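Visitor: sequence plus the predicted model coming up.
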Protein chains: 2
Amino acid sequence: MAEIQSLARGLKILNLLEHSRDGMGTTEVATQLEIDKSSASRLLHTLAKYGFVEQDQLTARYLLGPQLVTLGQHLLNRITLRDHARPYLHELVDKTGECAHLAILAQRQALYIDQVESTAALRVESEIGTLSPLYCTALGKTLLTFGDSRIPDELTPFTHRTVTDRSTLEAQLAQTSKRGYAIDDEEYNYGVRCVAAPVYDHKSALVGAIGVSGPAGRMTLERIDEFGSVVTSIAAALSARLGYDFNLK
Amino acid sequence: MAEIQSLARGLKILNLLEHSRDGMGTTEVATQLEIDKSSASRLLHTLAKYGFVEQDQLTARYLLGPQLVTLGQHLLNRITLRDHARPYLHELVDKTGECAHLAILAQRQALYIDQVESTAALRVESEIGTLSPLYCTALGKTLLTFGDSRIPDELTPFTHRTVTDRSTLEAQLAQTSKRGYAIDDEEYNYGVRCVAAPVYDHKSALVGAIGVSGPAGRMTLERIDEFGSVVTSIAAALSARLGYDFNLK
DNA sequence: AATATAAGTTGCATAATATGCAACGTGCGT
DNA sequence: ACGCACGTTGCATATTATGCAACTTATATT
């Protein structure tokens, strides 16, 4: 179906603003989207009118607006999986000493919806709200193996360890399926290894994945396997905890 | 400036979906916005294409999408005030035993950007991301008195205690200004009283407000005044803490 | 201070685009 | 099996968004 141009342009502006450090001006937006200044101006005004974009009082540059916080938070509150998973994430941190994450499938990507940080000095920064690829992260591979199962067409490399060969990846997923947990061996970020396992509801339908990640220095290959069983058992416990009236949405 | 219709319609759909419990169908959206089914269908498809809306696999109804979490969270992370304020919110909870909140001005409303819950049994639920009116909440009155200062045209009552008379409100704000903290005496929610005080940056410009709220049963009028000085002093401590290179955005 | 330069907004004619209508397809409930 | 409601698609129309150009405002340069 053909997309509605002006709406699409408005949404593209929001995505643009996400990646700008201190907001953008009308002309800048117009250049990036390859549209006229006047169009950009009018789109921005409409976005501002509804609170999706806000103009900095001083610089007059446009920033993301409060309405996005409102809607985003609202959506997060709906996802009750988060509440259920919280104590299990803490348990993961306690047992491994590394950061624990919770992700769900969204847009054929892994959406990080919660995180519990380790107290260790070296740790990953806040990832909540981030979308990550399915084929090169532990949480993603978990969702791919036990959920979506459709391998993306493009396997873009992020590090030299990223698996870009389809059959190699398929073999990895088969192994993941057999073993019950997925591994990311510096395939997405240099120096970061991750382990993740699937979370199911009462109907054995996949609802998400939990896992831990940490610096390769601490996450040695022996410890990874050890962590694998920890993550798997905690994921199983969480799955069991998810009552029969649990609903993801 | 005239708003761009199709973009505005798309944004209105997002706002609609926020208030629906289990998503909405194409026809329902069309009815609410008083547009044709076909238009609604096409708008929804465009929103879905960019991840702002998601279709439930089972019911085929549209829900808010992950992109909103991404953008909303991204924006929250930018607001460094939150990080600075956290410990002070905890201190507030410790000293009062009630829930503590942090809000900033956005769209001429109070945007709740953080919260620390009390351990008491009775407590308000998560408000983060919520927009509240300025004229009938303690945080709002604080922002109104020390920040925006423009009283809204419409003073809609929420309870029988809501101040709907302009001059009465002006008198309250004058009192707030003199005393240094604002009070909400069941003016927004029945049975809930709040106290709040302003937070400034190094240039003495208002950046936000912090406060506590609790059930009227515990928040007696004597305690309110006692809490007033607690909140004011903690707000002052936070203001002092905000380094000179602090920036809200 | 005066001018030059860039950014942003508005008017307007054009054409592209979104719109509503109607018809079609699909799934659900009776 | 039938009817009904919901969702999607084709199409003609005209509304709506668009780009251009002119104008205004703010900023930097000499």
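Guide: Nice, I can see it.
Visitor: from here on, just use CA atoms for contacts and neighbour counts.
Guide: Will do.
Visitor: and the helices in chain A?
Guide: A:5-18, A:26-33, A:37-49, A:66-78, A:81-96, A:138-143, A:166-179, A:221-241 (DSSP state H).
Visitor: which of the helices and strands in chain A ranks last by mean pLDDT?
Guide: Ranked by mean pLDDT, DSSP states H and E, the weakest helix or strand in chain A is helix A:66-78, scoring a mean of 82.
Visitor: name the helices or strands packed onto that one?
Guide: strand A:53-55, helix B:5-18, helix B:66-78 (3 or more CA pairs under 8 Å, 6 or more residues apart in numbering or on different chains; DSSP states H and E).
Visitor: which residues sit against that helix?
Guide: A:50-54, A:113, A:249, B:15, B:18, B:64-66, B:68-73, B:75-76, B:106-107, B:111, B:128-131 (CA atoms under 8 Å, 6 or more residues apart in numbering or on different chains).
Visitor: got the end-to-end distance for stretch A:141-148?
Guide: Start-to-end span of stretch A:141-148 (CA to CA, to the nearest Å) is 10 Å.
Visitor: list of residues touching it?
Guide: By CA under 8 Å, 6+ apart, stretch A:141-148 touches A:104-105, A:108, A:110, A:134-135, A:149-151, A:173-174, A:176-177, A:181-183, A:196-198, A:205-206, A:208-209.
Visitor: quick one: average pLDDT of it?
Guide: Stretch A:141-148 carries an average pLDDT of 91.
Visitor: how about the residues of chain A near DNA strand D?
Guide: Proximity of chain A to DNA strand D (CA under 7 Å from any atom of the strand) is limited to residues A:Met1, A:Gln5, A:Ser6, A:Arg9, A:Ile35, A:Asp36, A:Lys37, A:Ser38, A:Ser39, A:Arg42, A:Leu43.
Visitor: among these, which one lies nearest to A:Leu92?
Guide: The nearest member of those to A:Leu92, counting by CA to CA, is A:Arg9 at 42.2 Å.
Visitor: contacts only, for the closest one.
Guide: Under the criterion of CA under 8 Å, 6+ apart, the neighbours of A:Arg9 are A:Leu33, A:Leu43.
Visitor: tell me the residues of chain A that contact DNA strand C?
Guide: Taking CA under 7 Å from any atom of the strand as the contact definition, chain A meets DNA strand C at A:3-7, A:24-28, A:37-38, A:41-42, A:60-61.
Visitor: just to revisit the earlier point, just the ones of the contacts of stretch A:141-148 in strands?
Guide: Among the contacts of stretch A:141-148, the members falling in strands (DSSP state E) are A:Ile104, A:Leu105, A:Ala110, A:Ala182, A:Ile183, A:Ala196, A:Ala197, A:Pro198, A:Leu206, A:Gly208, A:Ala209.
Visitor: just the buried ones from those residues?
Guide: Neighbour-count burial (16 or more other CA atoms under 10 Å in any protein chain shown) is assigned, among the ones in strands among the contacts of stretch A:141-148, to A:Ile104, A:Leu105, A:Ala110, A:Ala182, A:Ile183, A:Ala196, A:Ala197, A:Pro198, A:Leu206, A:Gly208, A:Ala209.
Visitor: show me the contacts for the fourth one.
Guide: The one in question is A:Ala182. Shown in contact with A:Ala182 (CA under 8 Å, 6+ apart): A:Ala138, A:Leu139, A:Lys141, A:Thr142, A:Leu173, A:Thr176, A:Val195, A:Ala196, A:Ala197, A:Gly228.
Visitor: recalculate using a threshold of 6 Å.
Guide: With contacts defined as CA atoms under 6 Å, 6 or more residues apart in numbering or on different chains, A:Ala182 is in contact with A:Ala138, A:Thr142, A:Thr176, A:Val195, A:Ala196.
Visitor: tell me how chain A divides into domains.
Guide: Listed domain ranges for chain A are A:5-70, A:79-241 (source: automatic domain parsing).
Visitor: for those, give me TSV that also has distance to B:Leu81.
Guide: TSV is the format used below for those (distance: least, CA to CA, whole Å):
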stretch	distance to B:Leu81
domain A:5-70	15
domain A:79-241	16
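Visitor: which residue packs closest to A:Ser41, ignoring adjacent ones?
Guide: A:Thr26 (5.7 Å; CA to CA, 6 or more residues apart in numbering or on different chains).
Visitor: quick check: residues of chain A near chain B?
Guide: Contacts of chain A with chain B, taken as CA under 6 Å from any CA of the partner chain, map to A:Glu3, A:Ser6, A:Leu7, A:Thr46, A:Leu68, A:Val69, A:Thr70, A:Gly72, A:Gln73, A:Gly129, A:Thr130.
Visitor: the first one - nearest residue in space that isn't next to it in sequence?
Guide: Closest residue to A:Glu3 apart from its sequence neighbours, by CA to CA, 6+ apart: B:Thr46 at 5.1 Å.
Visitor: what's the local residue count around that neighbour?
Guide: By the criterion of other CA atoms under 10 Å in any protein chain shown, B:Thr46 has 22 neighbours.
Visitor: please apply the same query to A:Val207.
Guide: Neighbours around A:Val207, by other CA under 10 Å: 19.
Visitor: same question, the one 4 residues further on
Guide: The local packing of A:Gly211 (other CA under 10 Å) involves 32 other residues.
Visitor: residues of stretch A:176-195 that come out buried?
Guide: Going by neighbour count (16+ other CA under 10 Å), the buried part of stretch A:176-195 is A:176-177, A:180-189, A:192-195.
Visitor: return the member of those residues nearest to A:Leu89.
Guide: A:Val195 (13.1 Å).
Visitor: what about stretch A:135-153, start to end distance?
Guide: Start-to-end span of stretch A:135-153 (CA to CA) is 11 Å.
Visitor: just stretch A:196-214 next, same as before
Guide: Counting by CA to CA, you get 12 Å between the two ends of stretch A:196-214.
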